[in-house]
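Colleague: structural data only, the sequence is not supplied:
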């Protein structure tokens, strides 16, 4: 059974930082491209950041470039998202995604709220 379990969300003030983690089980983690998505209330789910199998390539949404960093530790089967200089508009549920060909798995999400 594949599981992706996110953690690290919470309430933070504008300008603050959070580090999200996603621990995978039940799949060969190093074979999967990994991504972080987010969904704000009333909006569609959007891609935030993507990382290739061994971290050789990363991509970011324009809205988070220079502020967020995606990384992975294949030995720990864990995906990370370091979020700095958080803004009000970063408030959303953040989801971990694993993809290999047509197979895709989602975590349950972790809430990030940026508020003063």
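Modeller: Great, that's in hand. All figures in this text were calculated on a predicted structure; none of them were measured in a lab.

Colleague: CA atoms for contacts and neighbours, from now on please.
Modeller: Noted.

Colleague: residue 43 looks like it's in a strand, true?
Modeller: No: Residue 43 is assigned coil when assessed by DSSP: H, G, I helix; E, B strand; the rest coil, not a strand.

Colleague: got phi/psi on it?
Modeller: Note on residue 43: its backbone torsions stand at phi -120, psi 160 [degrees, to the nearest 10].

Colleague: now stretch 4-21, how far from the centre of its chain.
Modeller: Relative to the chain's own centre, stretch 4-21 is displaced by 10 Å; criterion: Cα atoms, centre = their mean, to the nearest Å.

Colleague: check which residues of it are buried.
Modeller: Buried positions in stretch 4-21, judged by neighbour count with 16 or more other Cα atoms under 10 Å: 4-7, 9, 12, 14, 17-21.

Colleague: equivalent analysis for stretch 103-116, please.
Modeller: Quick answer for stretch 103-116 (16+ other Cα under 10 Å): 106-107, 109-115.

Colleague: tell me the secondary structure for the most centrally placed residue in the chain?
Modeller: In the chain, the centroid-proximal residue (Cα atoms, centre = their mean) is residue 36; its distance is 2.9 Å. Classification of residue 36 using three-state DSSP returns strand.

Colleague: show residues contacting the one helix or strand residue 22 maps to.
Modeller: In this structure, residue 22 sits in strand 18-25 according to DSSP states H and E. Residues outside strand 18-25 that contact it (Cα atoms under 8 Å, 6 or more residues apart in numbering) are 1-10, 12, 76-84, 96, 107.

Colleague: hang on, the earlier thing: OK, contacts around the nearest residue to the residue nearest to the centre of the chain once chain neighbours are set aside?
Modeller: Closest residue to residue 36 apart from its sequence neighbours, by Cα to Cα, 6 or more residues apart in numbering: residue 96 at 4.8 Å. By Cα under 8 Å, 6+ apart, the contact set of residue 96 is 4-6, 22, 34-37, 79, 106-107, 109.

Colleague: now do the same for residue 96: helix, strand or coil?
Modeller: Of the three states, residue 96 takes strand under three-state DSSP.
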